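Visitor: Here's my sequence, what's the structure:
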Amino acid sequence: MRLAFILGEIGSGLRRNLSMVVSVILVTFVSLTFVGAAGMLQMQINQMKGYWYDKVQVAIFLCNESSTSAGCASGAVTDEQRENLGKMLESPAVKQYISDFQFESQAEAFQHFKDQFSNSPIVDSVTQDQLPASFRINMKDPEKYQIISETFASQPGVETVSDQRQVLERIFVWMNGASVVAMGIAVVMIVCAVLLITTTIRLSAFSRRRETGIMRLVGASKTVIQLPFILEGVIAAVIGALLASGTLWLVTLWLNGDLSRQFLNTPFISSAQVLVVAPVLIALGGGLAGIASLLTLRRYLKV
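Guide: Now for the predicted structure:
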C-alpha cells in the first residue's frame, strides 16, 4: 500500500511538472554527455599512446637535390655517405640503442606518400625527387632519441633527424586540451542541472503543500513524504544519463565503423568500453539529483 502510494505521488509529480522534468532530462543529458566524452577521449588518448609509442620511429632524412638545410650545402647524399651511415647504425656504439632499422629510398618514400594522401589533391603536386631517402630506426627505448640525433645530425649527407614521437606529442597535447574543455563545459552544465533540479523540486513541493500538510496531520513519516520528491529528480536525471550513455555508444559505433575504415592504422576505443563509463554517468546523475533534492526539501519542505 505504501509503495503504491509513493509510486502514485511520483507519477502525479512528474505529470504536474512535465516541462520542468523534460528540461532536467535534457540538461542532464547534455552535461553527462560532455562528462562521458571527456572520459572516453582520455581513454582514446591512452589507447593511442600505448599503440603508437611502441611503433614510433626515428627517421634520418638524407639530403636530396632540393634540400636547403646547411648540412646539405654540398648537394644530394652520395652512395659512399649513405653506406657510411649504414655502417654507423651497425656499429656497437649505436646498435645497443636500436632494435632494427630499414632504408627507405626516394621511390619507396614517394609510393608511401601516394598511399597516405591518395584522397588529397596534394599528391599531384609532389614528385619523387622532392622526397628524401631516409633510414627508419626502431628504438629499444624511445627516450634515447637524443643519442641518435646527436650522433647523426652533423654527419655528411644528413638533412635532419626526426623523432615521430614529437609529432604525436603535439597531437596528444591538443587532444588533452579538448578533454579539459569538454570537462569544463560538463562542470558548468552539471551546475545548471543541479540548479534546475532544485527549482523543479521546489515547485513540486509548493504545488503539493496541501497534500503534504494532510500527510503530516495523519502521521505519515518524513521518509514517506520526502521520498516521492527525491525520486522525481533521480528518475529525470537517470533518464538523462541513459540518453548520454546511448549517445556515447552510437559515437563509438561510428568510430569503429566509417572512421576506422578511413584511418586503418588508428586504434579506436570499442563500444564495449561505454559499459565502463555508463554506470559512472548513471551513478553521477542519480547521486547529484538525489543530494540536490534532499537538500532542497530540508530547506523548503518542513516535515
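Visitor: G285 reaches T33, doesn't it?
Guide: No: under the criterion of Cβ atoms under 8 Å, G285 makes no contact with T33, lying 10.9 Å away. From N, CA and C alone the C-beta is placed, and that goes for glycine too.
Visitor: what stretches of the stretch 151-300 of the chain score poorly on pLDDT?
Guide: 164-169, 171-172, 204-225, 256-268, 297, 299-300 (pLDDT under 70).
Visitor: again, 90 this time
Guide: Along the stretch 151-300 of the chain, the parts satisfying pLDDT under 90 run over 151-237, 240, 248-278, 280-281, 284-300.
Visitor: mind listing the helices in it by residue range?
Guide: Taking DSSP state H, counting those that start in this stretch as the criterion, the stretch 151-300 of the chain carries its helices at 164-207, 209-217, 222-254, 260-262, 274-300.
Visitor: Return every residue with contacts to both of G285 and T33.
Guide: A244 (Cβ atoms under 8 Å, 6 or more residues apart in numbering).
Visitor: so which of the helices of the stretch 151-300 of the chain is the most packed in?
Guide: Mean neighbours per residue, mean count of other Cβ atoms under 10 Å, is largest over these for helix 222-254, with a mean of 20.
Visitor: Packing partners of that helix?
Guide: helix 2-16, helix 18-52, helix 164-207, helix 209-217, helix 274-300 (3 or more Cβ pairs under 8 Å, 6 or more residues apart in numbering; DSSP states H and E).
Visitor: Just the mean pLDDT for the first one, thanks.
Guide: For helix 2-16, mean pLDDT is 59.
Visitor: give the contact list for A241.
Guide: Neighbours of A241 in contact, by Cβ under 8 Å, 6+ apart: T28, F29, L32, A278, L281, I282, L284, G285, G286.
Visitor: Could you measure from the closest residue to the third one other than its chain neighbours over to S125?
Guide: If I follow you right, that is L32. Nearest non-adjacent residue to L32, counting by Cβ to Cβ, 6 or more residues apart in numbering: A244, 3.9 Å away. To S125, A244 is 45 Å away according to Cβ to Cβ, to the nearest Å.
Visitor: Repeat that for L284.
Guide: 51 Å.
Visitor: Find the residue at the geometric middle of this protein.
Guide: Taking Cα atoms, centre = their mean, the centroid of the chain lies closest to L41, which sits 0.9 Å from it.
Visitor: Am I right that that residue is in contact with M175?
Guide: Yes: L41 is within contact range of M175, at 6.5 Å (criterion: Cβ under 8 Å).
Visitor: List the residues that contact G86.
Guide: Contacts of G86 (Cβ under 8 Å, 6+ apart): F103, F135.
Visitor: Would you double-check that it falls in a helix?
Guide: Yes: the assignment for G86 by DSSP: H, G, I helix; E, B strand; the rest coil puts it in a helix.
Visitor: okay, it: pLDDT?
Guide: Per-residue confidence (pLDDT) for G86: 91.
Visitor: Then E80?
Guide: pLDDT, E80: 90.
Visitor: Tell me the spacing between it and A70.
Guide: If you measure E80 against A70 using Cβ to Cβ, the figure is 20 Å.
Visitor: Compare the two and say which one has the larger neighbour count.
Guide: E80 (10 against 7; other Cβ atoms under 10 Å).
Visitor: Next secondary structure after whichever strand or helix holds that one?
Guide: Using DSSP states H and E, E80 sits in helix 79-90. Downstream of helix 79-90, the first helix or strand assigned by DSSP H and E is helix 92-95.
Visitor: mean confidence for that following helix?
Guide: Across helix 92-95, pLDDT averages out at 89.
Visitor: Pull the residues that contact the helix or strand just after that helix.
Guide: Downstream of helix 92-95, the first helix or strand assigned by DSSP H and E is strand 98-104. Defining contact as Cβ under 8 Å, 6+ apart, one finds that strand 98-104 is touched by 82, 86, 89, 112, 133-140, 148.
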